[in-house]
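Engineer: Return a 3D structure for these sequence lines:
(one chain, ligands or ions: 1)
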Amino acid sequence: MNARLRHLSRRTALMGERAPTFYDDPLIAVRAEGVWIYDEAGRKHLDAYNNVPHVGHSHPAVTEAVHQQLRRLNVHSRYVSPVVLDYLERLLALFDDPIEQAALTASGSEANDLALRMAMVATGRTGIIALDAAYHGNTALTAAVSPRRTPVGGYPANVRLVPSPDNLNPLGGKPEAQPEAFAEGVRTAIRDLEAAGHGCAAMILCPIFANEGLQSQPPGFLDAAAKALQDADALLICDEVQAGFGRTGTHMWGHRAIGVAPDIVTLGKPMGNGWPIAGVVTSREVMEAFQREHRHFSTFAATPPAAAAGTAVLDVMEREDLMGNARRTGHHLRARLAALPHESIAQVRAAGLFVGVDLVRDGMNAGTIAREVVEGCRRRGVLIGRGGRDDHILKIRPPMPFNSGNADFVAAALDEALTEAGA
Ligand code: PMP
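Structural biologist: So this is what the prediction gives:
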């Protein structure tokens, strides 16, 4: 048995037959640098999918900051660390009023779980609204607002799912009708939760509707829905795990791009370039209401190395103008993909360095085509993924230092993979 097969069979033995992998031919990753991941044979693969290595895989500034901090001190948040305080000041300065306090966690799921509990405590209600194609995490509570997964034990009675916006098939039948149709779904859910005795504590959503297939909407889209929440005294939680840290190329946060002011924001994935750091930021009022009755503590959260990683990410983003790069390269990538001559491409959508390619196909499930295309790109050394309600939307979301040459490489691989899939 060669080394590659040996690794695969060891994995099955150790982690179970159905432990998920990407790709039919799973990538055995040995090292990574910048936008490239190297396999066991030294072959390089262009990473056009991972948003966790935000400033680039193995960025020396991040690894050095974490290394130095690990040599000095690594304790949890019940000790007072100036390194953590410095980071929090820097992070919170990136938000608008009324957001001024933070609780760090070790994953996005944990951040969303905490945010939902904060909203319930602050409002004294338990009802939650989420979108019907969302993903917010893997804890019991966040799985209940993640219809892309089935929560163990089924959906709890205090959750209502509303239709997600859709750029190809807009709610209300046409794009202009979509904001009001979306808001109407929210109003109905609020009434329903109130009638059932739960009341409405909060709605949670990703402001660029990333897991829904990047169904990004123009500024003002959420105004009517946000007003409905305000009228019900319920909170808006924006999950910035995918949208945040400049990914859209125009704004540091997705909620700014869509022009809404959330009560609670959750952060994750790109925050520490792979070091597990995530968190909740909110108003003093919400934090105080939560802390009156509850205490949040998490062993691996808010440690000095996490803060060092987070600080280094912000430093590199500024120094290398990665938000500007996301805007420029994203624009180029979008243009290249939109020019590909394939019938199955119904729409190419982009928010900076996040591109969704919506595939349609008469008589054949577009999810199957998307799957084949993802595999075809992988064979050509380009790593992409897919998402959306039926996993029919190609998801291209590379590390932020992606350049136009990398974008051209993606376009060429995608062109060939689509041809190969007969699409
Ligand atoms: N929210 C969103 C929008 C996500 O995409 C994810 C993960 N893909 C999460 C939350 C969960 O984050 P984690 O995997 O760090 O728990």
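
Engineer: The residue in the stretch 51-200 of the chain positioned nearest to the ligand and F354, how far apart?
Structural biologist: Residue of the stretch 51-200 of the chain nearest the ligand, by C-beta to the nearest ligand atom: G108 (2.5 Å). Placement of C-beta: from N, CA and C, glycine included. Applying C-beta to C-beta, to the nearest Å, the value for G108 to F354 is 16 Å.

Engineer: Walking through the stretch 1-150 of the chain, point out its strands one by one.
Structural biologist: 29-33, 36-39, 44-47, 99-105, 127-131 (DSSP state E, counting those that start in this stretch).

Engineer: In JSON lines, list these along with mean neighbour count, mean pLDDT and distance to R6.
Structural biologist: Conversion of these to JSON lines gives the following (neighbours: other C-beta atoms under 10 Å; pLDDT from 0 to 100; distance: least, C-beta to C-beta, whole Å):
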{"stretch": "strand 29-33", "mean neighbour count": "14", "mean pLDDT": "97", "distance to R6": "14"}
{"stretch": "strand 36-39", "mean neighbour count": "18", "mean pLDDT": "97", "distance to R6": "14"}
{"stretch": "strand 44-47", "mean neighbour count": "20", "mean pLDDT": "98", "distance to R6": "20"}
{"stretch": "strand 99-105", "mean neighbour count": "22", "mean pLDDT": "98", "distance to R6": "37"}
{"stretch": "strand 127-131", "mean neighbour count": "27", "mean pLDDT": "98", "distance to R6": "43"}
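
Engineer: Tell me who's in contact with the residue sitting nearest the centre point of the chain.
Structural biologist: Per C-alpha atoms, centre = their mean, the C-alpha nearest to the average position across the chain is that of Q242, at 2.3 Å. With contact set as C-beta atoms under 8 Å, 6 or more residues apart in numbering, Q242 has these partners: N51, C206, I208, A210, N211, G254, K269, F354, R397.

Engineer: which among the residues you listed gets closest to D390?
Structural biologist: N211 (12.7 Å; C-beta to C-beta).

Engineer: in terms of contact, does that closest one touch A130 like I think?
Structural biologist: No. Using C-beta atoms under 8 Å, N211 is not in contact with A130; the gap is 11.1 Å.

Engineer: so M287 touches Q101, yeah?
Structural biologist: Yes. M287 is in contact with Q101 according to C-beta under 8 Å; the separation is 4.4 Å.

Engineer: Run a quick neighbour tally on F182.
Structural biologist: The local packing of F182 (other C-beta atoms under 10 Å) involves 25 other residues.

Engineer: Name the helix or strand for it, please.
Structural biologist: In this structure, F182 sits in helix 178-195 according to DSSP states H and E.

Engineer: Tell me if the next helix or strand after that helix is near the ligand.
Structural biologist: Once helix 178-195 ends, the next helix or strand along the chain (criterion: DSSP H and E) is strand 200-205. No. Strand 200-205 lies out of reach of the ligand by C-beta under 6 Å from any ligand atom, never closer than 9.1 Å.

Engineer: Check which residues of strand 200-205 are buried.
Structural biologist: C200, A201, A202, M203, I204, L205 (16 or more other C-beta atoms under 10 Å).

Engineer: got the CA coordinates for that strand in PDB?
Structural biologist: What follows is strand 200-205 as a C-alpha-only set of coordinates in PDB (Å, rounded to 0.1, in the frame of the first residue of the first chain):
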ATOM      1  CA  CYS A 200     -39.300  37.000  20.100                       C
ATOM      2  CA  ALA A 201     -35.800  37.400  21.600                       C
ATOM      3  CA  ALA A 202     -33.800  37.800  18.400                       C
ATOM      4  CA  MET A 203     -33.300  37.100  14.800                       C
ATOM      5  CA  ILE A 204     -29.900  35.800  13.700                       C
ATOM      6  CA  LEU A 205     -28.500  36.200  10.200                       C
END
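
Engineer: That strand: what's the following helix or strand?
Structural biologist: helix 223-231.

Engineer: Going by residue numbers, what spans are helices in the stretch 301-423 of the chain?
Structural biologist: 304-319, 322-338, 366-379, 404-420 (DSSP state H, counting those that start in this stretch).

Engineer: Make JSON lines from those and add mean pLDDT to it.
Structural biologist: Listed next are the helices of the stretch 301-423 of the chain as JSON lines, based on pLDDT from 0 to 100:
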{"stretch": "helix 304-319", "mean pLDDT": "98"}
{"stretch": "helix 322-338", "mean pLDDT": "98"}
{"stretch": "helix 366-379", "mean pLDDT": "95"}
{"stretch": "helix 404-420", "mean pLDDT": "98"}
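
Engineer: which ones are touching the residue in the stretch 201-350 of the chain positioned nearest to the ligand?
Structural biologist: With C-beta to the nearest ligand atom as the measure, V241 is the residue of the stretch 201-350 of the chain nearest to the ligand, at 3.7 Å. Applying C-beta under 8 Å, 6+ apart, we find V241 in contact with G108, A111, N112, C206, T266, L267, G268, K269, A278.

Engineer: do stretch 36-50 and the ligand meet?
Structural biologist: No. With C-beta under 6 Å from any ligand atom as the criterion, the ligand is not reached by stretch 36-50; the gap is at least 10.9 Å.

Engineer: Span of that stretch from start to end?
Structural biologist: In stretch 36-50, first residue to last residue: 11 Å (C-alpha to C-alpha, to the nearest Å).

Engineer: what's in contact with it?
Structural biologist: So stretch 36-50 is in contact with 3-4, 7, 27-32, 35, 53, 57, 377-378, 381-385, 395-399, 402, 406, 409-410, 413, going by C-beta under 8 Å, 6+ apart.

Engineer: If I look at the residue nearest to the centre of the chain, what pLDDT would I see?
Structural biologist: Note on Q242: pLDDT of 97.

Engineer: for it, helix, strand, or coil?
Structural biologist: coil (DSSP: H, G, I helix; E, B strand; the rest coil).

Engineer: What sits closest to R187 if chain neighbours are left out?
Structural biologist: A228 (4.8 Å; C-beta to C-beta, 6 or more residues apart in numbering).

Engineer: Surely that neighbour and A183 touch.
Structural biologist: Yes. Counting by C-beta under 8 Å, A228 does reach A183; the two are 5.7 Å apart.

Engineer: And the lowest-mean-pLDDT helix or strand in the chain, what does it pack against?
Structural biologist: The least trusted helix or strand in the chain, going by mean pLDDT, DSSP states H and E, turns out to be helix 3-15, with a mean of 92. The helices and strands touching helix 3-15, judged by 3 or more C-beta pairs under 8 Å, 6 or more residues apart in numbering; DSSP states H and E, number zero.

Engineer: Would you mind writing the CA trace of it as CSV?
Structural biologist: Provided in CSV are the C-alpha atoms of helix 3-15 (Å, rounded to 0.1, in the frame of the first residue of the first chain):
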residue,chain,number,x,y,z
ALA,A,3,1.8,6.2,1.7
ARG,A,4,-1.3,8.0,0.5
LEU,A,5,-3.6,5.0,0.8
ARG,A,6,-2.1,4.2,4.1
HIS,A,7,-3.0,7.7,5.4
LEU,A,8,-6.5,7.4,4.1
SER,A,9,-7.1,4.0,5.7
ARG,A,10,-5.6,5.1,9.0
ARG,A,11,-8.0,8.0,8.9
THR,A,12,-11.0,5.8,8.4
ALA,A,13,-9.8,3.5,11.2
LEU,A,14,-9.2,6.4,13.6
MET,A,15,-12.1,8.7,12.7
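
Engineer: Great, nothing more from me.
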